[in-house]
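1. Sequence below, structure please.
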Amino acid sequence: MARPFQFQLLLDQAVRQSEDASRVMMTCRADWLNAEQKLQQLEGFRQEYRLRLCHTEQSGISVNQWRDYQAFIAKIDVAIRQQQEAINFAKTCFEQARDRWQTLENQVGAYRKLETRHHHQEQHRELKREQKMNDEFSARASGQAAARHDDIDMS
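-> Residues are numbered from 1 along each chain as shown. You can find the predicted model right below:
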């Protein structure tokens, strides 16, 4: 009878941890992509607002309106810098999660190799056991046939 793989519990645990790490990595990746989309929206909004300011300046603008436009563009610039920081944070989160997942995947791979080696050894052991049984059966059968042959010769 084949012996169970002695590291099965550790393999199962490593697989679960790797799957969890994969989910965390995908969440971090989605956060990173969302942060980049928000940055693009903010940059597009800033560009659009600057174009509006240029068009408004050409048709004439009061000092107060010009100051309001500049103040609003400055607020957009602050939001853009904050969004760039959010992107950097999300990217770092993703990279750390990816590194953790890769480490766990390597661990799972090592356990899988051990499991494969164990199964091969068990198959080899089983084949040797079967061969030994066949040899014993053949030896007994030929011994019984020889005994019967001797009995026939003596008669």
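
2. drop to CA atoms for contacts and neighbour counts, all remaining ones
-> Fine.

3. burial count for Leu51?
-> Residues lying near Leu51 (other C-alpha atoms under 10 Å) number 12.

4. what does the one 3 residues further on give?
-> Close neighbours of Cys54, defined as other C-alpha under 10 Å, add up to 13.

5. same deal with the one 3 residues further on?
-> Using other C-alpha under 10 Å, Glu57 has 13 neighbouring residues.

6. what do you get for Arg81?
-> So Arg81, with other C-alpha under 10 Å, has 13 neighbours.

7. In contact with it, which residues?
-> Listed by C-alpha atoms under 8 Å, 6 or more residues apart in numbering, Arg81 has no contact partners.

8. ditto for Gln6
-> Gln6 touches nothing, counting by C-alpha under 8 Å, 6+ apart.

9. Just say helix, strand or coil for it.
-> Secondary structure, DSSP: H, G, I helix; E, B strand; the rest coil: Gln6 is coil.

10. Would you mind measuring from it to Asp20?
-> Separation of Gln6 from Asp20 (C-alpha to C-alpha, to the nearest Å): 23 Å.

11. go on, Val63?
-> Distance from Val63 to Asp20, by C-alpha to C-alpha: 57 Å.

12. So those two - more neighbours on which side?
-> Remark: of Val63 and Asp20, Asp20 carries more neighbours, 14 against 9, as counted by other C-alpha under 10 Å.

13. helix or strand for the residue sitting nearest the centre point of the chain, which one?
-> In the chain, the centroid-proximal residue (C-alpha atoms, centre = their mean) is Ser22; its distance is 4.1 Å. When elements are assigned from DSSP states H and E, Ser22 belongs to helix 8-59.
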